[in-house]
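[1] Here is a sequence together with a model predicted from it:
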Amino acid sequence: MNNENVYRQIYANPRFQELVAKRGRFAWLLSAVMLGAYLAFILLIAFEPQILGVPLSADTVTTWGIPVGVGVIFMAFILTGVYVQRANGEFDRINQEILNEAQK
Amino acid sequence: MILRFLMTALLLAVSPALLADAITGEVEKQATNYTAIIMFVVFIVFTMGITKWAAKRNTSTADYYTAGGSITGFQNGLAIAGDFMSAASFLGISALVYTSGYDGLIYSIGFLVGWPIILFLMAERLRNLGKFTFSDVASYRLGQTQIRLLSAFGSLIVVAFYLIAQMVGAGKLIQLLFGLDYYVAVVLVGVLMVMYVLFGGMLATTWVQIIKAVLLLSGASFMAIMVMKSVGFDFGSLFAEAVKIHEKGAQIMSPGGLVSDPISAISLGLALMFGTAGLPHILMRFFTVSDAKEARKSVFYATGFIGYFYILTFIIGFGAILLVSTNPDFKDVTGAIVGGTNMVAIHLASAVGGNLFLGFISAVAFATILAVVAGLTLAGASAVSHDLYACVIKQGKAREEDEMRVTKLTTLTLGVVAILLGIIFEKQNIAFMVGLAFSIAASCNFPVLFLSMYWKGLSTRGALFGGSLGLFTALLLTIISPTVWVDVFGFAEAIFPYKYPALFSMAAAFAGIWFFSVTDKSKRAGEERERFFAQFVRSQTGLGATGAVAH
């Protein structure tokens, strides 16, 4: 199996470099969004816990904390969905093209 | 300012019993619950049938360790969620919501946010590089003997502590739910887990986990629906009723005081998030799917199921405030909850579904423990047979039959050891063990694994020294921390003041790996850096990755 040469060839392919850069940027961006949201949530609890304790309206005991907390859970799910959608679609398509090119 | 932030940051330093992921403290043996036992027997018979089916399909090591890569992303997502939804997290988080309301939600969010990060930064690279264990990835371009020894050692320690906590927790929980004797319960769990793993390998272990996840999610959904039905499917009135009844009143609707000390809280947050990415039985699941596409999908589904589960436990906790705290049947003479607050979800099951549903939920709790310990045993057995025997002792030239024999022997040994440890530790304080397992996973397995995929400069020497440094720092700091030094050994004051070591031990591991790598000018280190690009291309494209085995 002469994978070594194929690996070198792929590594030298500008499309591979472009894919890696694009996918890497996207992954780190989403990581930053997720961690940022979590950090913001924690900061809010740390500095202004009373904000999350404010009722949604005058006639309810439901506080802002509920939609915000549940929102973070949904966000985790949606962000993974967004990543999988693009990685399994666009990125894998480019990846397959690079592989086909290399193995010709 | 900073201190204030630290004080509340991460909010994860809650009661040790919850963090321990185990049922701790004294429990009272309950009257024998025959409905629960019958339902559990049905579960056993059914899953043993699956094990028999799986055993027929297990013909190679690839079948045995990774189910031949035949698990789909959806199935694997359920199995991963199953590994995460332990009996203790179901009972513990609903109990936390019951006592503190909103804090329970904050706590469960801390568990969830690690998963998207694992997907974005690790899942596909892991799948593309690995074969059976995460050591395959860590040692990909480094010295096989050293790195496999290190990661097998790291895996076994993590598995051992996690297993002890689960065994002891299982014994106590079963005593409580079924009215069985502690020893009977521990031996039963040990024997059953060995049967699943020994005969059914990863295929059976995964299906047991999937079935249990479906049962647990259905049971919890039913409870949440019944709770919502009692308030006319209106969250507003659910919360309003709870606030009226709860002794803390409106406080349960906003963040409360969940923190002991700030450094411990941050340390624990790190251990939870990155420890998950270093747990051998979780990492192994990424090799059971056919390719990176399915690996990504599995994290997507897992995140969805885990998130859904946490929302259910939140509703269940509030439901318990309404339906359990107001019902004298669930309280003893002093007015405390029968069996402790960890039992509120179980009592709620009885309140909304009667004795039959109570039996069902108890059986599911038992099944949950079984599924988790089976996964742990398989991870431990593969560390011994694949990493230590086949790759280190036999230098990758082991015959497949011999490797299988070693696996089966190790599984049996692990079963016996687990039963013995479960009995030895019955009366011991084991609250620190799961925390320690996560800390070691975050300080030894994770840094080596992560840097082997991301950092070209990593050398064998750096990984070995830095990883060991992280492992021993985590171990040492835990021993001299309040959780062991004071709570277990009984000294008056701890040498190390914080409860969880991950903040320090992870820093030690990363610094150690960096230092011993950059100062490594040996010829071999140069060659290892040379090999990085091939690993990089494979990790990105999946070219050369082990595929699914055709059946």
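    Cool, the structure landed.
[2] does the residue lying closest to residue B:317 once chain neighbours are set aside count as helix, strand or coil?
    Take residue B:317 and drop its neighbours on the chain: the residue closest to it by CB to CB, 6 or more residues apart in numbering or on different chains is residue B:97, 2.4 Å away. Heads up, the C-betas are built off the backbone N, CA and C, glycines and all. Secondary structure, DSSP: H, G, I helix; E, B strand; the rest coil: residue B:97 is helix.
[3] these two touch, right, residue B:97 and residue B:310?
    No. Using CB atoms under 8 Å, residue B:97 makes no contact with residue B:310, being 9.8 Å away.
[4] what about those two, which has more around it?
    Using other CB atoms under 10 Å in any protein chain shown as the criterion, residue B:97 and residue B:310 rank with residue B:97 on top: 29 against 24.
[5] Next up, the contacts around that one.
    By CB atoms under 8 Å, 6 or more residues apart in numbering or on different chains, the residues touching residue B:97 are B:103-105, B:313-314, B:316-318, B:320.
[6] quick one: common contacting residues for residue B:97 and residue B:310?
    residue B:105.
[7] ranges for the helices of the stretch 1-150 of chain B?
    B:2-8, B:16-19, B:34-57, B:61-66, B:73-84, B:87-100, B:102-112, B:114-118, B:124-129, B:134-138, B:144-178 (DSSP state H, counting those that start in this stretch).
[8] Next, count neighbours for the residue of chain A at minimum distance from chain B.
    At 2.8 Å from chain B, residue A:53 is the closest residue in chain A, using CB to the nearest CB. Look at residue A:53: counted by other CB under 10 Å, it has 17 neighbours.
[9] before we move on, what about residue B:451?
    By other CB under 10 Å, the residues close to residue B:451 number 22.
[10] Surely residue B:388 and residue B:148 touch.
    Yes. Contact criterion CB under 8 Å: residue B:388 and residue B:148 qualify, at 7.1 Å.
[11] Which pLDDT value goes with the residue of chain A most remote from its centre?
    In chain A, residue A:59 marks the outermost C-alpha relative to the chain mean, sitting 37.8 Å out by CA atoms, centre = their mean. Per-residue pLDDT puts residue A:59 at 88.
[12] what residue ranges in chain A are flagged as low confidence?
    A:1-2, A:104 (pLDDT under 70).
[13] one more time with 90
    For chain A, the stretches flagged by pLDDT under 90 are A:1-9, A:35, A:38-53, A:58-60, A:101-104.
[14] those helices in it, which residues are they?
    Under the criterion DSSP state H, chain A carries helices at the ranges A:3-12, A:14-47, A:49-52, A:65-86, A:92-102.
[15] Does chain B have contacts with the second one?
    Yep, that's helix A:14-47 we're talking about. Yes. Against chain B, helix A:14-47 shows contacts by CB under 8 Å from any CB of the partner chain at A:16, A:19-20, A:23, A:27-28, A:30-31, A:34-35, A:38, A:41-43, A:45-47.
[16] If you count neighbours, what's buried in that helix?
    Residues A:16, A:19-20, A:23, A:26-27, A:30-31, A:34, A:37-39, A:41-42, A:44-46 are the ones in helix A:14-47 that count as buried (16 or more other CB atoms under 10 Å in any protein chain shown).
[17] count of residues packed around residue B:130?
    Using other CB under 10 Å, the number of residues around residue B:130 comes to 24.
[18] and if you look at the one 4 residues further on?
    Summarising burial for residue B:134: neighbours were counted as other CB under 10 Å, giving 31.
[19] Please, which helix or strand holds the closest residue to it other than its chain neighbours?
    Nearest residue to residue B:134 in three dimensions, chain neighbours excluded: residue B:283, at 4.1 Å (CB to CB, 6+ apart). Using DSSP states H and E, residue B:283 sits within helix B:280-283.
[20] and after that helix, which helix or strand comes next?
    As assigned by DSSP H and E, the chain's next helix or strand after helix B:280-283 is helix B:292-323.
[21] could you give the angle of that following helix to helix B:87-100?
    40 degrees (axes from the mean of the first three to the mean of the last three CA atoms, to 10 degrees).
[22] Mind listing what's buried along the helix or strand just after helix B:292-323?
    Downstream of helix B:292-323, the next assigned helix or strand under DSSP H and E is helix B:344-382. Counting neighbours by 16+ other CB under 10 Å, one finds that the buried residues in helix B:344-382 are B:344-353, B:357-382.
[23] Show me how far helix B:344-382 is from its chain's centre.
    Here helix B:344-382 is found 15 Å from its chain centre; the criterion is CA atoms, centre = their mean, to the nearest Å.
[24] Whatever helix or strand comes next after it packs against which elements?
    Going down the chain from helix B:344-382, the next helix or strand is helix B:400-424, by DSSP H and E. If you count contacts as 3 or more CB pairs under 8 Å, 6 or more residues apart in numbering or on different chains; DSSP states H and E, helix B:400-424 packs onto helix B:61-66, helix B:144-178, helix B:182-230, helix B:344-382.
[25] wait, what's in contact with whatever residue of the stretch 151-300 of chain B ends up closest to chain A?
    Across the stretch 151-300 of chain B, the shortest distance to chain A (CB to the nearest CB) belongs to residue B:254, at 2.8 Å. Applying CB under 8 Å, 6+ apart, one finds that residue B:254 lies in contact with A:49-50, A:52-53, A:63, A:65, B:102.
[26] Including distance to residue B:513, could these go into TSV?
    Formatted as TSV, the contacts of residue B:254 follow (distance: CB to CB, whole Å):
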residue	distance to residue B:513
A:49	38
A:50	43
A:52	39
A:53	43
A:63	44
A:65	40
B:102	39
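[27] Now list the buried members of the residues you listed.
    By 16+ other CB under 10 Å, these give A:49, A:52-53, A:63, A:65, B:102 as buried.
[28] Closest one of the residues you listed to residue B:195?
    Nearest to residue B:195 out of the buried ones among the contacts of residue B:254 is residue B:102 (CB to CB; 42.6 Å).
[29] And the pLDDT for the closest one?
    pLDDT for residue B:102: 92.
[30] ok, now which ones touch it?
    Taking CB under 8 Å, 6+ apart, we find residue B:102 in contact with A:52, A:63, A:65-66, A:69, B:252-256.
[31] right, and the pair among those with maximum separation?
    Farthest-apart pair in the contacts of residue B:102 is A:66 and B:256; separation 14.4 Å (CB to CB).
[32] Nearest to residue B:83, out of the helices of chain A?
    Between those, helix A:65-86 lies closest to residue B:83; by CB to CB that is 16.9 Å.
[33] what angle sits between that closest one and helix B:292-323?
    Going by the same axes, to 10 degrees, helix A:65-86 makes 160 degrees with helix B:292-323.
[34] and helix A:65-86, does that touch chain B?
    Yes. Interface with chain B: helix A:65-86 contributes A:65-66, A:69-70, A:72-74, A:76-77, A:79-81, A:83-84 (CB under 8 Å from any CB).
[35] Which members of those are classed as buried?
    Using 16+ other CB under 10 Å as the burial test, the residues of helix A:65-86 next to chain B include A:65-66, A:69-70, A:72-73, A:76-77, A:79-81, A:83-84 as buried.
[36] and those as a markdown table, adding distance to residue B:197?
    Converted to a markdown table, these look like this (distance: CB to CB, whole Å):
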| residue | distance to residue B:197 |
| --- | --- |
| A:65 | 43 |
| A:66 | 42 |
| A:69 | 38 |
| A:70 | 38 |
| A:72 | 36 |
| A:73 | 33 |
| A:76 | 31 |
| A:77 | 31 |
| A:79 | 35 |
| A:80 | 30 |
| A:81 | 33 |
| A:83 | 33 |
| A:84 | 31 |
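[37] And those, which is closest to residue B:143?
    For these, the minimum distance to residue B:143 (CB to CB) is 33.8 Å, reached by residue A:83.
[38] I am assuming the closest one contacts residue B:120, so please confirm or correct that.
    Yes. With contacts counted by CB under 8 Å, residue A:83 reaches residue B:120, the gap being 6.0 Å.
[39] List the contacts of the residue nearest the centre of chain A.
    What sits nearest the mean C-alpha location of chain A, by CA atoms, centre = their mean, is residue A:30, with 2.9 Å. Shown here is residue A:30, whose contacts under the criterion CB under 8 Å, 6+ apart are A:79, A:82-83, B:116, B:120.
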